[in-house]
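Colleague: here's a sequence, model it:
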Amino acid sequence: MSICGENDKGGLSLQVFLFCLIHHLLAHFALALFPACMPFFFSLRNHFRDFQTVAKQLGGRAQTKTLKVMASKGRVQGASGQYPLVQNVTVTQGGTANLTCRVEYNDNTSLQWSNPAQQTLFFGDKKALRDNRIELVHASWSELTISISDVSLSDEGMYTCSLFTMPVRTARAYLTVLGVPEKPEINGLKKPAVEGDYITLTCITQGSKPAADLRWFRDEKEVKGAKEVNAEGKTFTVQSSLQLHVDRNDDGVAYTCRVDHVALVQTPQQATEVLEVQYAPRVEIIHSLEVPQEGQYLKLECLSKGNPSPDPVMWTKDGGELPDLERMIVDGRELTFTSLNKTDNGTYRCEASNHLGRSSAEYVLYVYDVPTTLPPSTTPFLHPIPPDSTAQLSTHASDPTDSRGFHQQSKTCMSG
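Modeller: Residues are numbered from 1 along each chain as shown. Here you go, the predicted structure:
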């Protein structure tokens, strides 16, 4: 017989009447009118069902107080050893976080997840908060797993899993959201720079959480910069500065700023700038012969390097024009002697320039005689002839050589 039916005397006690009234109100109206209070109503309804079950078994109005005590004791004993188990979760901003709550021993008691604002997300398999990003993954008496997609920094905080025993048992899991740093930017680059300039390169990245680390590289070699960190709400803006005193060796060098962050394990962010440094030319003369001799072919090459590229080089001899253009052929930066003679002796200058300055190099040419080789002499050398011996004839050959020394000189001059 239902506890809400009439008793043997055809009526209901006041206590039973009130119980039945609350039971029906909760069953038919509470969930629809107060969805935010869903866990509370579910808990009350479970307790009233326990009362109803015990009342059916024992019956009678006189035992109402005893039933309440017995039902409470049964709930506490059934809850013994029931504890929800959770784990902290770390997720990258924009990713998906899974929150799992497990119970090893459960006597059909509901599980609930709530957010840091204590708003119920799911009560069992029933969704309580209207957020399309939050979905049910798995719901059973022993597990409640939900997912939060497109996680933002505002989702970070302490999430609570509740097991509605008597008393209610809870476990808390902290959701950590990593802020992904933006691609870095390099500012302060002066293009082109001039040799001797002082420049400051500044690398900036925003949106990191925790603060990112910035590293500088000159080509493949790491160099140290000055780091500065500024907090902006929940994220950080990080910048690193690198001061340079540039010279011609920095021309064409790549400076790279790389962002290191826990959220960028596989795809590090970086930015690269290639320096352009302008400088005055530098000139050097290369010669094809170490010991130039009469009648030989000689080539002088004027190597000039500058940024911007130097104008065409100019050749002179002893401060004036080249005297014999038939034998002295100028082709760009090369000066060629088809057949050397003594009249070619002198100082040859190569000069190159750009808008930053000029540079010159000199080569002192001395043409040597062609060495001559004389035939060996065969003057007899007479030895005393002892008695009773046979005379022997020997010869001494001489090979005269040219003992004259030589010296070639080359030097470079630069002017701004």
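Colleague: which ones are touching T336?
Modeller: 297-300, 328-330 (CB atoms under 8 Å, 6 or more residues apart in numbering). In short, each C-beta sits where N, CA and C put it, glycine included.
Colleague: one more pass at 7 Å, please.
Modeller: T336 is in contact with 299, 329, counting by CB atoms under 7 Å, 6 or more residues apart in numbering.
Colleague: again, but for T145
Modeller: Listed by CB under 7 Å, 6+ apart, the contact partners of T145 are 98-100, 137-138.
Colleague: tell me the pLDDT of T165.
Modeller: If you check T165, the pLDDT there is 88.
Colleague: for burial, what's the neighbour tally of it?
Modeller: 21 (other CB atoms under 10 Å).
Colleague: quick one: it and D107 touch, right?
Modeller: No. Applying CB atoms under 7 Å as the test, T165 and D107 come out as separate, 8.3 Å apart.
Colleague: can you tell me which of the contacts of T145 are buried?
Modeller: Taking 16 or more other CB atoms under 10 Å as the criterion, what is buried in the contacts of T145 is 99-100.
Colleague: which single one of the contacts of T145 is nearest to P192?
Modeller: N98 (53.6 Å; CB to CB).
Colleague: which element is that closest one on?
Modeller: strand 97-102 (DSSP states H and E).
Colleague: helices or strands up against that strand?
Modeller: Judged by 3 or more CB pairs under 7 Å, 6 or more residues apart in numbering; DSSP states H and E, strand 97-102 is in contact with strand 89-92, strand 111-114, strand 143-148, strand 169-178.
Colleague: avg pLDDT for the second one?
Modeller: Same thing as strand 111-114. In this model, strand 111-114 has a mean pLDDT of 96.
Colleague: so which elements touch it?
Modeller: Short answer (3+ CB pairs under 7 Å, 6+ apart): strand 111-114 packs on strand 97-102, strand 120-123, strand 143-148, strand 157-163.
Colleague: the ones you listed: which one's closest to P181?
Modeller: strand 97-102 (19.8 Å).
Colleague: avg pLDDT for the closest one?
Modeller: Mean pLDDT, computed over strand 97-102, is 97.
Colleague: contacts for it?
Modeller: Contacts of strand 97-102 (CB under 7 Å, 6+ apart): 84-86, 89, 91, 111, 113, 137, 142-148, 151, 159, 161, 171, 173, 175.
Colleague: angle of it against strand 143-148?
Modeller: Angle, strand 97-102 to strand 143-148, by axes from the mean of the first three to the mean of the last three CA atoms, to 10 degrees: 170 degrees.
Colleague: quick one: strand 97-102 to strand 157-163, angle?
Modeller: 30 degrees.
Colleague: hey, C-alpha coordinates of strand 97-102 in PDB?
Modeller: Coordinates of each C-alpha in strand 97-102 appear next as PDB, following Å, rounded to 0.1, in the frame of the first residue of the first chain:
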ATOM      1  CA  ALA A  97      39.700  20.000 -21.500                       C
ATOM      2  CA  ASN A  98      38.200  16.800 -20.200                       C
ATOM      3  CA  LEU A  99      37.200  16.700 -16.600                       C
ATOM      4  CA  THR A 100      36.700  13.200 -15.100                       C
ATOM      5  CA  CYS A 101      35.300  12.300 -11.700                       C
ATOM      6  CA  ARG A 102      35.300   8.700 -10.600                       C
END
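Colleague: in three-state terms, label the closest residue to P268 other than its chain neighbours for me.
Modeller: Excluding its sequence neighbours, the residue lying closest to P268 (CB to CB, 6 or more residues apart in numbering) is R258, at 5.8 Å. Under DSSP: H, G, I helix; E, B strand; the rest coil, the three-state class of R258 is strand.
Colleague: any idea of the pLDDT on R258?
Modeller: 96.
Colleague: tell me, how many residues neighbour it?
Modeller: By other CB under 10 Å, neighbour count at R258 equals 18.
Colleague: now G319
Modeller: When neighbours are counted by other CB under 10 Å, G319 comes out with 8.
Colleague: for it, what are its contacts?
Modeller: Listed by CB under 7 Å, 6+ apart, the contact set of G319 is empty.
Colleague: follow-up on the earlier one: for the residue nearest to P268, give its distance to V103.
Modeller: 46 Å (CB to CB, to the nearest Å).
Colleague: how many residues are close by the closest residue to K234 other than its chain neighbours?
Modeller: Take K234 and drop its neighbours on the chain: the residue closest to it by CB to CB, 6+ apart is L153, 4.8 Å away. Using other CB under 10 Å, L153 has 14 other residues around it.
Colleague: pretty sure L153 contacts F236?
Modeller: No. Using CB under 7 Å, L153 is not in contact with F236, being 11.8 Å away.
Colleague: need the residues touching each of those two.
Modeller: With CB under 7 Å, 6+ apart, L153 and F236 have common neighbours K209.
Colleague: number of nearby residues for P192?
Modeller: Per other CB under 10 Å, the neighbour tally for P192 reads 15.
Colleague: three-state assignment of the closest residue to G332 other than its chain neighbours?
Modeller: Using CB to CB, 6+ apart and skipping residues adjacent in sequence, the residue nearest G332 is P312, 6.9 Å away. What three-state DSSP gives for P312 is coil.
Colleague: how many other residues sit next to P312?
Modeller: By other CB under 10 Å, 11 other residues sit near P312.
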